[in-house]
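Visitor: give me the fold of what follows.
(4 chains)
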Protein chains: 2
Amino acid sequence: MSLRAAILGFLELEPTTGYTLRQRFAGSVASFWSVTQSQIYRELHGLASEGLVAVSREPGDGKPDRKVYSNTEAGRATLQQWLRAPLEPMQLRHPLLLKFVFASELAPATLDGLLADYAEGLRATLADYQARHDAPEIFTLARSPREAEIWRLSIEHGLAWCRLELDWIDRARERLAASVRRTPARPRAARRKKG
Amino acid sequence: MSLRAAILGFLELEPTTGYTLRQRFAGSVASFWSVTQSQIYRELHGLASEGLVAVSREPGDGKPDRKVYSNTEAGRATLQQWLRAPLEPMQLRHPLLLKFVFASELAPATLDGLLADYAEGLRATLADYQARHDAPEIFTLARSPREAEIWRLSIEHGLAWCRLELDWIDRARERLAASVRRTPARPRAARRKKG
DNA sequence: CTCCCCATGTAACACGTTACATGATTTG
DNA sequence: CAAATCATGTAACGTGTTACATGGGGAG
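Guide: Numbering: from 1, shown residues only, chains lettered A, B, ... in the order given. The predicted structure follows:
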């Protein structure tokens, strides 16, 4: 349901092709609603067969033909309905946390490395968000200042999220390091002689 | 893959039944890795047929028979392998944000209501996390102080996440309210006379 | 010459969700 | 008497992922 609605939402901004929709997803909502190319084409076919979108085939000059999709009245109605419908709960799929919970028997250094690697990836993502937030060219599709503000806020959500993750990782690493210092008497570490 | 690994992880703490596994999931990792009952049974059958877990059927006195699953050596090896394997990226499915991005044409009050409702639900979730964090009885399965610390940290992640969401919603509501004040000349609002 | 961009799609598979079915025992 | 708890499971469906296939044009 949400995928269809999002497609209708993008088409409401500007009628376009499946290919371009993929890019729109990647460039805006991907961080909280990821989709693949296959999903988009599949859903577009479904939407078309139910009369929620209309297709116009435009011959591509040299390039492949483009199929430009646009919302029908029924499509617009469906979008409006979705906007007013009750929200489903959010959900998270967080492989790091899952692994973390079962990782107590890993060597402290291994676990720490896992967290460190993850943090590095996050810093890249953060920079990405920052760039998108500061770049005005992304907002060219916005239909109003209100819409631009909404989009800015959605990017800020991503920024805040990255910072939270980074902070949490720092805290986790510190606390785990501290707990190792408190219980250093692991068999393997017993080699080192006392001063 | 992650589901199997998590099941092996729980069985490593204590051999148990599918039914109980469901409760363990619900009581600990559900906020970042939700599963349904069907998934668990399906996966247990798979794990058993591949020899990663062993089953012992215990006759239930009146109650249905219990099938107690425990890890085999192969299962333990698979778990260890997973713990050391590279992490898949986290992903979020956030219906509120998705709707938010396409909601600029909704009446400001409707959108604000959507955010407010969501915040209310979050406050309940937050209280839930707080309770779990403060209750020591959840940590009885922990095999070491280190493991308890890890579990505490995972709950703190949930707490931090809820607070982030609530903060973001406050900020979003304020900013949107401010932008309405700045552009109050909507056709519908034009009825009110000045001074 | 190779790779990337544009643009379409399909097939198979993996994973997740909903709803149903059974049945004794305990609790309100 | 109704509802929840313990405990198993299946069937159908819906959604998401991976990999493949096609094919011209432009850039390095």
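Visitor: so which residues of chain A form helices?
Guide: A:2-13, A:18-27, A:37-49, A:73-84, A:95-101, A:108-134, A:145-182 (DSSP state H).
Visitor: okay, those in TSV with mean pLDDT next?
Guide: Listed next are these as TSV, based on pLDDT from 0 to 100:
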stretch	mean pLDDT
helix A:2-13	98
helix A:18-27	96
helix A:37-49	97
helix A:73-84	97
helix A:95-101	97
helix A:108-134	94
helix A:145-182	95
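Visitor: what's the closest of the ones you listed to DNA strand C?
Guide: helix A:18-27 (3.1 Å; C-beta to the nearest atom of the strand). Yep, even glycine has a C-beta here, placed from its N, CA and C like the rest.
Visitor: how much space between A:G75 and chain B?
Guide: 13 Å (C-beta to the nearest C-beta, to the nearest Å).
Visitor: report the contact partners of that residue.
Guide: A:L8, A:L11, A:L47, A:G51, A:L52, A:V53 (C-beta atoms under 8 Å, 6 or more residues apart in numbering or on different chains).
Visitor: next, give me the two most distant ones among the residues you listed.
Guide: The largest distance within these, taken as C-beta to C-beta, falls between A:L11 and A:G51 and amounts to 13.7 Å.
Visitor: how about the residues of chain A by DNA strand D?
Guide: Within chain A, the positions near DNA strand D by C-beta under 7 Å from any atom of the strand are A:M1, A:S2, A:L3, A:S34, A:V35, A:T36, A:Q37, A:S38, A:Q39, A:G62, A:K63, A:P64.
Visitor: and the residue lying closest to A:R146 once chain neighbours are set aside, what pLDDT?
Guide: With C-beta to C-beta, 6 or more residues apart in numbering or on different chains as the criterion, A:R146 has its nearest non-adjacent residue at 5.2 Å, and that residue is B:S104. For B:S104, the model assigns a pLDDT of 96.
Visitor: next, give phi and psi for the spatially most central residue of chain A.
Guide: Centroid-nearest residue in chain A: A:S31, 1.2 Å away (criterion: C-alpha atoms, centre = their mean). When read as degrees, to the nearest 10, the backbone of A:S31 gives phi -70, psi -20.
Visitor: for it, which residues are in contact?
Guide: A:T125, A:Y129, A:G158, A:W161, B:L92.
Visitor: could you rerun that using 7 Å?
Guide: Going by C-beta atoms under 7 Å, 6 or more residues apart in numbering or on different chains, A:S31 touches A:G158, B:L92.
Visitor: what's the separation between it and A:H133?
Guide: Using C-beta to C-beta, to the nearest Å, we find A:S31 at a distance of 12 Å from A:H133.
Visitor: residues from chain A in reach of DNA strand C?
Guide: Counting by C-beta under 7 Å from any atom of the strand, chain A sits next to DNA strand C at A:17-20, A:23, A:37-38, A:41-42, A:44-45, A:60, A:63-67, A:91, A:93.
Visitor: and with 6 Å instead?
Guide: Taking C-beta under 6 Å from any atom of the strand as the contact definition, chain A meets DNA strand C at A:T17, A:G18, A:Y19, A:T20, A:Q37, A:S38, A:Y41, A:G60, A:K63, A:P64, A:R66, A:K67.
Visitor: going through those residues, which ones are buried?
Guide: In terms of neighbour count (16 or more other C-beta atoms under 10 Å in any protein chain shown), the buried residues within those are A:T17, A:G18, A:T20, A:R66, A:K67.
Visitor: farthest pair within these?
Guide: Of all pairs in those, the most separated under C-beta to C-beta is A:T20 and A:K67 at 10.7 Å.
Visitor: distance check, A:A178 against B:F32.
Guide: 24 Å.
Visitor: more neighbours: those two, which one.
Guide: Set A:A178 next to B:F32 and count neighbours by other C-beta atoms under 10 Å in any protein chain shown: B:F32 wins out with 21 against 10.
Visitor: you'd agree that one is up against A:H94?
Guide: Yes - between B:F32 and A:H94 there is a contact under C-beta atoms under 7 Å: 3.9 Å.
Visitor: okay, and the common contacts of these two?
Guide: Counting by C-beta under 7 Å, 6+ apart, nothing touches both B:F32 and A:H94.
Visitor: would you map out the domains in chain A?
Guide: Here the domain parsing of chain A from automatic domain parsing is A:2-84, A:95-185.
Visitor: quick check: the farthest pair among the residues of chain A next to DNA strand D?
Guide: A:M1 and A:G62 (38.0 Å).
Visitor: mind checking which of those two has more residues around it?
Guide: A:M1 (10 against 5).
Visitor: ok so, going back, so for B:D117, which of the helices of chain A sits nearest?
Guide: helix A:73-84 (12.1 Å).
Visitor: please could you give me each C-alpha atom of that closest one, formatted as PDB?
Guide: C-alpha atoms of helix A:73-84 as PDB (Å, rounded to 0.1, in the frame of the first residue of the first chain):
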ATOM      1  CA  GLU A  73      -8.500  11.100 -11.000                       C
ATOM      2  CA  ALA A  74      -8.900   7.700  -9.300                       C
ATOM      3  CA  GLY A  75      -5.200   7.800  -8.600                       C
ATOM      4  CA  ARG A  76      -5.400  11.200  -7.000                       C
ATOM      5  CA  ALA A  77      -8.300  10.100  -4.900                       C
ATOM      6  CA  THR A  78      -6.400   7.000  -3.700                       C
ATOM      7  CA  LEU A  79      -3.500   9.200  -2.700                       C
ATOM      8  CA  GLN A  80      -5.700  11.600  -0.700                       C
ATOM      9  CA  GLN A  81      -7.300   8.700   1.000                       C
ATOM     10  CA  TRP A  82      -3.900   7.300   2.000                       C
ATOM     11  CA  LEU A  83      -2.800  10.600   3.400                       C
ATOM     12  CA  ARG A  84      -5.800  10.700   5.700                       C
END
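Visitor: I appreciate the help and will end here.
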